[in-house]
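A.B. asks: Task: produce atomic coordinates for the following.
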Amino acid sequence: MFAPAATVDHLLDEWFKQIHSVAPILHRRRFMHRLRRGDADHDRIFCGLVVSVCAATVATLRRSNYEPVTIEFCAEFVERHQLLYRGVMEADYSLDWCVAMYNLGNAMGSISGMDDLRAYHMGSQSAAGVRYLAYYSMTSLTIPEQQLLKRLFWLLFAWSCSSDLFGRISVALVMCEDNFNHMRPLPLTDEQLDPQAYNLPGLLSLSDLFMVWYDSRRGSPPTSDQASREVLLKHLTTIQRIIDLLPPELRWRGGLSRPANVTQGHDVQIANIFITSLHLRSNLLQKFGPAERCGDEHQRLVDDLLEILDHMPEAIFEANGSSIVPKVRDIGAAYLEQVRIGHNNGVWVSDTAKGKLERLLRKLDDLDFWPSMSVREQGATESPNSLG
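C.D. replies: Modelled structure (predicted):
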């Protein structure tokens, strides 16, 4: 037995309530119908999918206690019972298997980092399955399954671009350029697929943002300062256009209260989209901008980041899992580098700059909190109190 039924039900309910808005890759009504029907008792891959959702919930909502279910326990249960095992003669991939591998890979990465071999292996396996299904089996899937597969593709694309942004090896997902439009899911709310209403445009906008980074990596690098500035301006303008075209319910409201039609799921997407956009801007400045002239831009990015961190409730960031912390740390590290450059050039480091760095460190302490992690385990990972 994996866990008491009540615990599993609670974990699944938490996933659909708090996480599904940023990872809309399951159809709640169909998924729960299959679970109630007892499919997990005889379908090992579906059983593995259920366990993977539990692992993803534990990995994301880290301040909650779901004992005896832990990420390691979920992974060991799947491994011990070979729920997601694929032999060399396995005939085909399935959407369930791809989603399960994505969930487990993300969960393992949340505790072991982006360099973890298990996380990389699971993400790569999921990407291989998605590519195969997209090329050879799309027409054999139902319409809802096709949309879920396309959503999973873009989540894996975000994973791949994020790894690249942090200088890590990325999962091999990219297909020929013509397939990007083919893989774009329909801009529909989940009302057609699920009784709970979540907005898919958040995922579409996030995908558009990561496409900016993907485009910046293609082609020959600029050969002059003027060319670099033009490329930088082009990409920054595209990012701003994506932000300007967000639907009303996904726009940044500052300290204003939430409108009646905006849910916590929307706020989770807002935090993800805007912090990702700031992280991309920061990386583009480092890639194309002259270091000695980017200080003001990095300062504005930190100001915007702190505004988001100050106004959004803690639960919003928690629902985004481990994706937010590395981005915040990376933006802060780039700003710290600019402060150091200014100091080395004889520019006095103001108390304001020091104050912003201290505020970021305090926010990182709050965001990167693992209640169940021992001091010894915490020391084995990157220090949350370090920007660079």
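
A.B. asks: Export stretch 73-93 to PDB, keeping only CA atoms.
C.D. replies: The C-alpha trace of stretch 73-93 is given here as PDB (Å, rounded to 0.1, in the frame of the first residue of the first chain):
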ATOM      1  CA  PHE A  73       9.300   7.700  -0.600                       C
ATOM      2  CA  CYS A  74       7.300   8.300  -3.800                       C
ATOM      3  CA  ALA A  75      10.400   7.700  -6.000                       C
ATOM      4  CA  GLU A  76      11.300   4.600  -4.100                       C
ATOM      5  CA  PHE A  77       7.800   3.200  -4.300                       C
ATOM      6  CA  VAL A  78       7.700   3.700  -8.100                       C
ATOM      7  CA  GLU A  79      11.100   2.100  -8.400                       C
ATOM      8  CA  ARG A  80      10.400  -0.800  -6.100                       C
ATOM      9  CA  HIS A  81       7.200  -1.800  -8.000                       C
ATOM     10  CA  GLN A  82       8.600  -0.800 -11.400                       C
ATOM     11  CA  LEU A  83       5.500   1.300 -12.100                       C
ATOM     12  CA  LEU A  84       7.100   3.400 -14.800                       C
ATOM     13  CA  TYR A  85       9.700   0.900 -16.000                       C
ATOM     14  CA  ARG A  86      10.200   0.800 -19.800                       C
ATOM     15  CA  GLY A  87      11.900  -2.200 -21.300                       C
ATOM     16  CA  VAL A  88      14.000  -1.900 -24.500                       C
ATOM     17  CA  MET A  89      11.200  -3.600 -26.400                       C
ATOM     18  CA  GLU A  90       8.400  -1.400 -25.100                       C
ATOM     19  CA  ALA A  91       6.100  -0.800 -28.000                       C
ATOM     20  CA  ASP A  92       4.900   2.800 -27.400                       C
ATOM     21  CA  TYR A  93       4.800   5.800 -25.100                       C
END
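
A.B. asks: Show the average pLDDT along it.
C.D. replies: Stretch 73-93 comes out with an average pLDDT of 92.

A.B. asks: Work out the gap between that stretch and the centre of the chain.
C.D. replies: From the chain centre to the centre of stretch 73-93 is a distance of 24 Å (Cα atoms, centre = their mean, to the nearest Å).

A.B. asks: buried sites along it?
C.D. replies: Going by neighbour count (16 or more other Cβ atoms under 10 Å), the buried part of stretch 73-93 is 73-75, 77-78, 83-84, 93. No exception for glycine: its C-beta is placed from N, CA and C like everyone else's.

A.B. asks: could you say which helix or strand contains Ala127?
C.D. replies: Here Ala127, judged by DSSP states H and E, is contained in helix 117-132.

A.B. asks: List of residues touching stretch 141-148?
C.D. replies: 24-27, 30, 95, 99, 133, 138, 149, 185-186, 188, 192-193 (Cβ atoms under 8 Å, 6 or more residues apart in numbering).

A.B. asks: Now it: buried residues?
C.D. replies: By neighbour count with 16+ other Cβ under 10 Å, stretch 141-148 contains the buried residues 141, 145-148.

A.B. asks: Adding distance to Gly38, secondary structure and pLDDT, write the residues you listed out as TSV.
C.D. replies: Conversion of the buried residues of stretch 141-148 to TSV gives the following (distance: Cβ to Cβ, whole Å; DSSP: H, G, I helix; E, B strand; the rest coil; pLDDT from 0 to 100):
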residue	distance to Gly38	secondary structure	pLDDT
Leu141	24	coil	93
Glu145	21	helix	93
Gln146	27	helix	94
Gln147	26	helix	92
Leu148	22	helix	95
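
A.B. asks: Go through those residues and say which is closest to Thr60.
C.D. replies: Checking the buried residues of stretch 141-148 against Thr60 with Cβ to Cβ, the nearest one is Leu148 at 19.0 Å.

A.B. asks: In space, what's closest to Ser94 - neighbours in sequence excluded?
C.D. replies: Ile45 (6.1 Å; Cβ to Cβ, 6 or more residues apart in numbering).

A.B. asks: how many neighbours does that neighbour have?
C.D. replies: For Ile45, the tally of surrounding residues (other Cβ atoms under 10 Å) stands at 19.

A.B. asks: What of the one 3 residues further on?
C.D. replies: Counted with other Cβ under 10 Å, residues neighbouring Gly48 total 27.

A.B. asks: And for the one 4 residues further on?
C.D. replies: Per other Cβ under 10 Å, the neighbour tally for Ser52 reads 27.

A.B. asks: where does the chain have low pLDDT?
C.D. replies: 175-179, 187-200, 255, 291-293, 342-349, 369-388 (pLDDT under 70).

A.B. asks: Could you chop it up by domain?
C.D. replies: Domain segmentation of the chain under automatic domain parsing yields 1-198, 201-388.

A.B. asks: So which of those domains is the most surrounded?
C.D. replies: Of all the domains of the chain, domain 1-198 has the most neighbours on average by mean count of other Cβ atoms under 10 Å, namely a mean of 18.

A.B. asks: ok, now which ones touch the residue positioned nearest the centre of the chain?
C.D. replies: Residue closest to the average C-alpha location in the chain (Cα atoms, centre = their mean): Ser323, at 4.9 Å. Neighbouring residues of Ser323 by Cβ under 8 Å, 6+ apart: 162, 272.

A.B. asks: Can you give me the distance of it to Leu186?
C.D. replies: 24 Å (Cβ to Cβ, to the nearest Å).

A.B. asks: Check Val53 too.
C.D. replies: 24 Å.

A.B. asks: same check, this time on Met114
C.D. replies: Taking Cβ to Cβ as the measure, Met114 falls 31 Å from Leu186.

A.B. asks: Repeat that for Ser162.
C.D. replies: Using Cβ to Cβ, Ser162 is found at 25 Å from Leu186.

A.B. asks: repeat for Phe274
C.D. replies: 24 Å.
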